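Visitor: would you be able to build a 3D model of this:
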Amino acid sequence: MSDTDPKSHSSSPAPPPSSSSSSGLPSEIRTGHSNNHGSNQFSGHKAHYVNPPDAVNPDAATLRDQWRYAIKQYSRWYSHAWGTAILAGAAFFALGWVIKGGNPLPSFRREEPSPASSSDSEKPR
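Guide: Okay, here's the model as predicted:
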């Protein structure tokens with residue numbers, strides 16, 4: 001036999017390029033590809049995850065290391081968030097002090113008696 005004989009190849013023939021097959025399904029549902037890239041239509045294929053789940057759970061040592069790393073990262077971001085919040089609070093307090101020209105919190109003001117409020121005789125009854 002010769003190498004160019006199509007009957008000697010074991011590969012299956014390619015499906016016809018028609019838009020529908022004998023099953024009645026459009027080609028975009030059978031292949032999972034659509035010519036409408038911006039459409040919101042259902043294409044009929046499963047979602048392909050960028051990071052698919054593992055087939056089996058890893059061993060205990062690997063899980064322990066992954067949890068330690070995750071906890072360390074969480075702690076780092078948590079402390080950064082608190083530090084940023086405290087720094088922002090101090091910055092806004094200082095900004096209020098500069099704009100107002102004094103302490104912006106009324107609860108920390110000293111009670112200074114004014115001459116009008118010190119005499120009770122001038123108050124109308």
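Visitor: packing partners of the helix or strand where residue 99 lies?
Guide: Taking DSSP states H and E as the criterion, residue 99 maps to helix 60-100. Packing partners of helix 60-100 (3 or more CB pairs under 8 Å, 6 or more residues apart in numbering; DSSP states H and E): none among the helices and strands. Heads up, the C-betas are built off the backbone N, CA and C, glycines and all.
Visitor: pLDDT averaged over it, what's the number?
Guide: Averaged over helix 60-100, pLDDT sits at 95.
Visitor: ok, residue 90 - contacts?
Guide: Applying CB atoms under 8 Å, 6 or more residues apart in numbering to residue 90 gives no contacts.
Visitor: measure it to residue 97 for me?
Guide: Using CB to CB, to the nearest Å, residue 90 is found at 10 Å from residue 97.
Visitor: for residue 83, same thing?
Guide: 21 Å.
Visitor: now do residue 71
Guide: 39 Å.
Visitor: and for residue 89?
Guide: To residue 97, residue 89 is 13 Å away according to CB to CB.
Visitor: so between those two, which is more surrounded?
Guide: Between residue 89 and residue 97, residue 97 has the larger neighbour count (other CB atoms under 10 Å), namely 13 against 10.
Visitor: setting aside sequence neighbours, what's the nearest residue to the more buried one?
Guide: Among residues not flanking residue 97 along the chain, residue 104 sits closest, at 5.7 Å (CB to CB, 6 or more residues apart in numbering).
Visitor: surely the one you found and residue 98 touch.
Guide: No. With contact defined as CB atoms under 8 Å, residue 104 does not reach residue 98; the gap is 9.4 Å.
Visitor: when those two are compared, which one has more neighbours?
Guide: Comparing residue 104 with residue 98 by other CB under 10 Å, the one with more neighbours is residue 104, at 16 against 10.
Visitor: look up how far residue 72 lies from residue 94.
Guide: Separation of residue 94 from residue 72 (CB to CB) stands at 33 Å.
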